[in-house]
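Chemist: have a look at this prediction, sequence included:
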Amino acid sequence: MNRLDDTHDPALRSWVASANEAASEFPLQNLPYGRFRRAGSAEPWRIGVAIGDSVLDLHEASERGDWSDEIRALLQPLAVGDLNRFMALGPLARTTLRRTLSQALREGSAWQQQLAPCLVPQAQAVMSTPCEVGDYTDFYTGIHHATAVGKLFRPDQPLLPNYKYVPIGYHGRSSSLRASGHGFARPLGQFKTEAAEPQFGPCRRLDYELELGALMGTGNELGESISMASAEDHLFGLVLLNDWSARDVQAWEYQPLGPFLSKNFATTLSPWVVTMEALAPFRAPFERPAGDPAPLPYLDSADNRSRGSVDITLEVWVQTGAMQQRDEPAVRLMQSNFRDAYWTLAQLVAHHTVNGCNLRPGDLLGSGTQSGPEEGQGGSLLELTHGGKQPITLPNGETRSFLEDGDTVILRGFCERAGQRRIGFGDCAATVQPAVSPVVNPVERAVG
Ligand code: MN
């Protein structure tokens, strides 16, 4: 596992002045990767690194910089927008480039003159998802979420007996992943009401899920597994992930094979991948409450126990359509911490591959909804409103049981710890658009 080096020094300052502001999520100590192009241009996607309020364009930087052959080779896939090829190179490539970029962007660096023309204001960049995601698995590591949701359906047995032994997950859909900023139409689907027959129409119980997404670096061959000892070496970094969920559709369809159309209509990712190296100062022990079963040996390691968790504060903010019209800022609905997850990232990788399943560079592992232990710390409206029975009231008097058209949901995440520079993830935001009219041909319907 990666340890601290001089790139984490909290005293480091950049010649990009905005990166030195205390509120900046992208100081010199962060250096996350994203895929972008200039707004209004048709230029090919390229990879950039966020620094302050700007993006360092690695396409421009690879052409203008007087790099060593080693660094030039690392920049080559990034210059052509192929983060996956860089992800496949593993942690040594990442730490090498991180050190080089950290030095080049430091105050007083001789590189300033070459690299200053390679900066693009983030406000003028259009972001894509950071990489090609071949496969997407969504886990269920939030034990407080699993318990709260379980209580709604099974008051006498909220947590199923497998939960503390198996990292629960399902295979999701990568084709509908979108970067922050892309809205989506309220999905249509089947759901059951008090009526005898199921209804069809726009979802009535649309919800968000506050999650982290882990993006894979180096993969593994089919038939081989990744052990706990090397699991972290296969992780590239983390993004914020909103697993939009149609609760009414989900309730009707999920048995016996799990979520399907209730989840696959849209999933939003934050555009910047915060690397595992940037997260190194914020690692924490992985602990379980006294009396809970120890993980099976293939999901256990001394390193995982001592620093398997990551201390990331997570938040959900909302701005309704009415608030947007009146220029009122978004309000925070809740806060939780990834330290409360019941399984670590390394355990997810080890479990996913223990049967020989191959993960590939850029594959996405969702953490599951990250709720805190207290009332009001639910990572979804399903929890905050107790299944829609207790609507929440916003500061402007509006109430919500579930999302309405025009609502913008913003996920935020940051790491802060005494003696370390605070780093952030950037917003993961999207707005709910009205449903598109159902296309149901009455003649076909009568025939069918
Ligand atoms: Mn989920």
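Modeler: It's in. Numbering: from 1, shown residues only.
Chemist: excluding chain neighbours, give the residue nearest to the residue in the stretch 151-300 of the chain that the ion sits nearest to in space.
Modeler: In the stretch 151-300 of the chain, the residue that lies nearest the ion is D243 (3.5 Å; CB to the ion). Every residue, glycine included, has its C-beta placed from N, CA and C. Leaving aside its sequence neighbours, D243 sits nearest to E209 (CB to CB, 6 or more residues apart in numbering; 3.9 Å).
Chemist: ok so, going back, count the residues that sit near the residue of the stretch 151-300 of the chain closest to the ion.
Modeler: Using other CB atoms under 10 Å, D243 has 24 neighbouring residues.
Chemist: so who does it touch?
Modeler: Contacts for D243 (CB atoms under 8 Å, 6 or more residues apart in numbering) come out as 138, 172, 208-209, 211, 263, 267, 366, 369.
Chemist: then R205?
Modeler: Neighbouring residues of R205 by CB under 8 Å, 6+ apart: 191, 246-248, 382, 388, 401-402.
Chemist: top of these by neighbour count?
Modeler: When neighbours are taken as other CB under 10 Å, the top entry among the contacts of R205 is A246 (29 neighbours).
Chemist: confidence score at it?
Modeler: pLDDT for A246: 98.
Chemist: P117 in helix, strand or coil?
Modeler: helix (DSSP: H, G, I helix; E, B strand; the rest coil).
Chemist: what ranges do the helices span in the chain?
Modeler: Assigned by DSSP state H, the chain shows helices spanning 58-64, 69-79, 83-87, 91-105, 112-115, 143-153, 228-231, 247-253, 302-307, 321-325, 345-353, 381-384, 442-447.
Chemist: D427: how many residues sit nearby?
Modeler: 20.
Chemist: my read: A17 touches G52, true?
Modeler: Yes: if you go by CB atoms under 8 Å, A17 and G52 touch, sitting 7.0 Å apart.
Chemist: who has more neighbours out of those two?
Modeler: Applying other CB under 10 Å to A17 and G52 shows that G52 carries more neighbours, namely 23 against 12.
Chemist: and that one, what does it touch?
Modeler: G52 touches 14, 16-21, 24, 26-27, counting by CB under 8 Å, 6+ apart.
Chemist: at 6 Å what do you get?
Modeler: Listed by CB atoms under 6 Å, 6 or more residues apart in numbering, the contact set of G52 reads 16, 18-19, 24, 26.
Chemist: which among those residues gets closest to P161?
Modeler: Nearest to P161, judged by CB to CB, of the contacts of G52 is F26 at 43.7 Å.
Chemist: tally up the residues packed near that closest one, please.
Modeler: For F26, using other CB under 10 Å, the count is 27.
Chemist: any idea how far the ion is from it?
Modeler: Distance of F26 to the ion, given as CB to the ion, to the nearest Å: 27 Å.
Chemist: for G81, same thing?
Modeler: Counting by CB to the ion, the gap from G81 to the ion is 28 Å.
Chemist: do S371 as well
Modeler: Applying CB to the ion, one obtains 11 Å for the distance of S371 from the ion.
Chemist: in contact with the residue of the stretch 51-200 of the chain found nearest the ion: list those residues for me.
Modeler: Among the residues of the stretch 51-200 of the chain, D138 lies closest to the ion, at 4.6 Å counting by CB to the ion. Residues counted as contacts of D138 (CB under 6 Å, 6+ apart) are 170, 172, 366.
Chemist: in strands, which of the residues you listed appear?
Modeler: Of those, the ones assigned to strands by DSSP state E are 170, 366.
Chemist: who wins for most neighbours among the contacts of D138?
Modeler: Among those, the one with the most neighbours (other CB under 10 Å) is G366, at 26 neighbours.
Chemist: not counting sequence-adjacent ones, nearest residue to it?
Modeler: Spatial nearest neighbour of G366, chain neighbours left out: D138 (3.8 Å); criterion: CB to CB, 6+ apart.
Chemist: partners of that neighbour in the sheet?
Modeler: Counting by DSSP bridges, D138 forms beta bridges with Y170, G366.
Chemist: let me know the pLDDT of the spatially closest residue to T7 that is not a sequence neighbour.
Modeler: Using CB to CB, 6+ apart and skipping residues adjacent in sequence, the residue nearest T7 is S102, 4.3 Å away. S102 carries a pLDDT score of 98 in this model.
Chemist: with the one 5 residues further on instead?
Modeler: Reported pLDDT at E107 in the predicted model: 98.
Chemist: wait, it sits on R13?
Modeler: Yes: with contact defined as CB atoms under 6 Å, E107 reaches R13; the gap is 4.6 Å.
Chemist: check contacts around the spatially most central residue of the chain.
Modeler: Nearest to the mean C-alpha position of the chain, by CA atoms, centre = their mean, lies L240 at 2.3 Å. The contact partners of L240, taken as CB under 6 Å, 6+ apart, are 270, 411, 413, 425, 428.
Chemist: check what pLDDT it gets.
Modeler: In this model, L240 carries a pLDDT of 99.
Chemist: show me what it is bridged to.
Modeler: Assessed by DSSP bridges, L240 has beta-bridge partners L212.
Chemist: do you know how far it is from I312?
Modeler: According to CB to CB, to the nearest Å, L240 stands 9 Å off from I312.
Chemist: mutual contacts of these two, please.
Modeler: Common neighbours of L240 and I312 (CB under 6 Å, 6+ apart) are G413.
Chemist: for S180, what are phi and psi?
Modeler: The phi/psi pair for S180 (degrees, to the nearest 10) reads phi -50, psi 140.
Chemist: contacts only, for it.
Modeler: 268, 270-271, 427-429.
Chemist: tell me which of the residues you listed is nearest to G258?
Modeler: Distance to G258, by CB to CB, is smallest for T268 among the contacts of S180, at 20.8 Å.
Chemist: which positions in the protein make contact with the ion?
Modeler: Counting by CB under 5 Å from the ion, the chain comes close to the ion at 138, 209, 243.
Chemist: switch the cut-off to 6 Å
Modeler: 138, 209, 211, 243, 366, 368-369 (CB under 6 Å from the ion).
Chemist: between the two ends of stretch 167-174, how far is it?
Modeler: Using CA to CA, to the nearest Å, the end-to-end distance of stretch 167-174 comes out at 20 Å.
Chemist: give me the residues contacting it.
Modeler: For stretch 167-174, the surrounding residues in contact (CB under 6 Å, 6+ apart) are 133, 136-140, 258, 264, 343, 347-348, 351.
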